[in-house]
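1. only geometry, no sequence info:
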């Protein structure tokens with residue numbers, strides 16, 4: 001599946017629960033990255049893992065004049081659904097939607 005295709009809308013019925021499950025699992029994995037590295041190699045590996053995670057999840061960060069952060073997260077719902085094999089069990093034909101099938105969520109951090 002490419003980034004400009006989507007499955008039958010019924011397959012997306014529970015995309016929110018799929019996304020919440022994914023983010024919960026991600027949070028658990030991120031907590032392991034908070035452990036203090038014991039060696040220089042572990043430090044480099046941890047840094048690279050954190051860097052890749054940020055690059056995968058963050059679309060952009062904005063700092064307002066009032067010093068409040070606005071973070072735009074990127075969440076590829078289609079990849080999540082594909083990973084959970086919902087697409088494989090669907091007989092729906094894939095149809096193009098637009099050039100960007102990534103759901104963007106804006107979160108304001110205080």
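-> Received, thanks. It should be emphasised that the depicted structure is a prediction, and the values quoted were computed from it without experimental measurement.
2. where does the prediction get shaky in this protein?
-> Within the chain, the segments meeting pLDDT under 70 span 1-12, 77-78, 80-110.
3. do a quick rundown of the helices in it.
-> Under the criterion DSSP state H, helices of the chain are mapped to 15-33, 40-57, 77-83, 86-89.
4. how about these in TSV, adding mean neighbour count and distance to residue 70?
-> Backbone N, C-alpha and C define where each C-beta goes, glycine included. As requested, these are exported to TSV (neighbours: other C-beta atoms under 10 Å; distance: least, C-beta to C-beta, whole Å):
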stretch	mean neighbour count	distance to residue 70
helix 15-33	12	19
helix 40-57	12	15
helix 77-83	18	21
helix 86-89	13	32
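5. so can I have a markdown table of the ones you listed showing distance to residue 64?
-> Output for the helices of the chain, formatted as a markdown table (distance: least, C-beta to C-beta, whole Å):
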| stretch | distance to residue 64 |
| --- | --- |
| helix 15-33 | 25 |
| helix 40-57 | 20 |
| helix 77-83 | 28 |
| helix 86-89 | 38 |
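6. is it true that residue 19 touches residue 74?
-> No: in this structure residue 19 lies outside contact range of residue 74 using C-beta atoms under 8 Å: 11.8 Å.
7. which among the helices of the chain is found nearest to residue 65?
-> For these, proximity to residue 65 was assessed by C-beta to C-beta; helix 40-57 is nearest, at 24.1 Å.
8. list the contacts of the closest one.
-> 26, 30, 33, 35, 37, 73-75 (C-beta atoms under 8 Å, 6 or more residues apart in numbering).
9. mind picking the two most distant members of the residues you listed?
-> Largest separation among the contacts of helix 40-57 by C-beta to C-beta: 37 and 75, giving 28.3 Å.
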